[in-house]
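**Student:** below are the sequence and a predicted model for it; my questions follow.
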Amino acid sequence: MIGTRKGLWLAHSDDDRRSWKLDGPHFFMQEIAACAIDTRAGAVRLLAGARSEHWGPSVFHSDDLGSTWTETDGGAVRFPPQADAAVRAIWQLRPDSAARPNVLWAGSEPSALWRSDDRGQTFALVEGLWDHPHRPTWQPGGGGLAIHTVLPDPTDESRVLVAMSTGGVYVTDDGGTSWRPSNTGIKAYFLPDPWPEYGQCLHKVARDAAESRRLFAQNHHGVYRSDDSGESWTSIADGLPSDFGFPMVTHPSRAGTAWVTPLVADGERIPPEGALRVWRTTDAGESWASVSSGLPDSGFFVAVMRDAFTADDVEDSAGLYLGARDGSVYASPDEGENWSEVTRHLPDVLCVRAATLP
């Protein structure tokens, strides 16, 4: 799934993940900032968070691989009247674990968390986070004020981690009734106190698939790891050409393996030297190496956004997929060692998701 400023495209490949056929656009002229491929319970459901400039945001789903789409009643993600707020955009759609096949999460702008217990048919506002005393002081980042990361804990259904820009990381241990900031060790250089309890501009957080307590984070300047489910964070930026970027992607099964796409800085949001490069760690951030054969070596002056880089679910040799703001999309069937172009000249790519079909 390739979500863009002007619609959604679906790319299909056979087992080699090297040749692709594109289908689209779906939802033409609507912004698709969030999408998901839910393969739980043996039934594939595609989900898209679409935003019409006229009708506003809505959640759609397809149970036939995009041949037809169903819009949830009332758009699905809507504040209750007493909240005195309106959803501007849906930034995240996240299926829960296989053990909870009907649970799906959404993150929105403004920063709010939503839970569905019917696989995306309806959503309820998680009021414990919306009513948090910190919320009035959360500030928008350059792209807005939104929850862009939702990480349910696969070992504890009462624990969920969210990240937002800006505001930082928040965690619940009681299923969403109460929330606490969890940013110790993450720097916010742009604030008077650079080590605040909250207020960090997190760009993306990802969980290690083999070590559930290990998390990786790409911050607004800063790359971090947590080995205690987000209670504390340690910098792992040494060895990277820059500590600024947006995505953070982890391997679907292998411990300690993650990928980032560095940019020069917040004031110069292009890849170093105009070369699109993906960097991989296989030892939880102790070292990094570029894995970028086939990606543009020069003249590349656009960014890869926080949800426009993803891995599929092939455990022995994960496929990687990234889209850029110039509408180009690249795929690697071998964990980044070699890349090839899937397509070019799409609108600005905002989100990419991939999965193998049963």
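**Tutor:** Noted; the coordinates are in hand.

**Student:** spit out the contact partners of the residue nearest to residue 98 when sequence neighbours are not counted.
**Tutor:** Spatial nearest neighbour of residue 98, chain neighbours left out: residue 40 (5.3 Å); criterion: C-beta to C-beta, 6 or more residues apart in numbering. Where you see a C-beta, it was placed from the backbone N, CA and C, and this is true even at glycine. Contact analysis of residue 40 by C-beta atoms under 8 Å, 6 or more residues apart in numbering lists 95, 98, 101.

**Student:** how near is the second one to residue 157?
**Tutor:** Here the distance between residue 98 and residue 157 works out to 12 Å (C-beta to C-beta, to the nearest Å).

**Student:** quick test: name the residue nearest the centre of the protein.
**Tutor:** Of all residues in the chain, the one closest to the mean position by C-alpha atoms, centre = their mean is residue 307, 3.8 Å from it.

**Student:** number of residues surrounding the residue lying closest to that residue once chain neighbours are set aside?
**Tutor:** Spatially, and ignoring its direct neighbours in sequence, residue 307 is nearest to residue 351 (4.1 Å; C-beta to C-beta, 6+ apart). Neighbours of residue 351 under the rule other C-beta atoms under 10 Å: 27.

**Student:** residue 351 against residue 3, yeah?
**Tutor:** Yes: the pair residue 351 / residue 3 is scored as a contact, 4.0 Å apart, by C-beta atoms under 8 Å.

**Student:** what residues are shared contacts of those two?
**Tutor:** 32-35.

**Student:** of those residues, which pair is most distant in space?
**Tutor:** Spatially, the most separated pair among the shared contacts of residue 351 and residue 3 is 33 and 35, at 8.5 Å (C-beta to C-beta).

**Student:** the two: which has the busier surroundings?
**Tutor:** Neighbours of residue 33 and residue 35, each counted by other C-beta under 10 Å, are more numerous for residue 33; the result is 28 against 25.

**Student:** what sits against residue 316?
**Tutor:** No contacts exist for residue 316 under C-beta under 8 Å, 6+ apart.

**Student:** recalculate using a threshold of 10 Å.
**Tutor:** Shown in contact with residue 316 (C-beta atoms under 10 Å, 6 or more residues apart in numbering): 252-254, 335.

**Student:** can you list the residues you listed in a markdown table and add secondary structure and neighbour count?
**Tutor:** Formatted as a markdown table, the contacts of residue 316 follow (DSSP: H, G, I helix; E, B strand; the rest coil; neighbours: other C-beta atoms under 10 Å):
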| residue | secondary structure | neighbour count |
| --- | --- | --- |
| 252 | coil | 17 |
| 253 | coil | 15 |
| 254 | coil | 16 |
| 335 | coil | 21 |
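
**Student:** now for those, which pair is the farthest apart?
**Tutor:** The widest separation within the contacts of residue 316 (C-beta to C-beta) is 11.4 Å, between 253 and 335.

**Student:** shared neighbours of the two, anything?
**Tutor:** Overlap of the contact sets of residue 253 and residue 335 (by C-beta under 10 Å, 6+ apart) consists of 311, 314, 316, 318.

**Student:** could you pull up the residues touching the last one?
**Tutor:** If a contact means C-beta under 10 Å, 6+ apart, then residue 318 has 209, 249-254, 257, 259, 310-312, 332-336, 354 as its contacts.

**Student:** would you write a PyMOL line that selects the buried entries of the residues you listed?
**Tutor:** To isolate in PyMOL the members of those that are buried, counting by 16 or more other C-beta atoms under 10 Å, one can use:
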select buried, resi 209+249+250+251+252+254+257+259+310+311+312+332+333+335+336+354
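
**Student:** OK, contacts around the residue of the chain most remote from its centre?
**Tutor:** Among residues of the chain, the one most distant from the C-alpha centroid is residue 82; the distance is 29.5 Å, by C-alpha atoms, centre = their mean. By C-beta under 10 Å, 6+ apart, the contact list for residue 82 reads residue 127.
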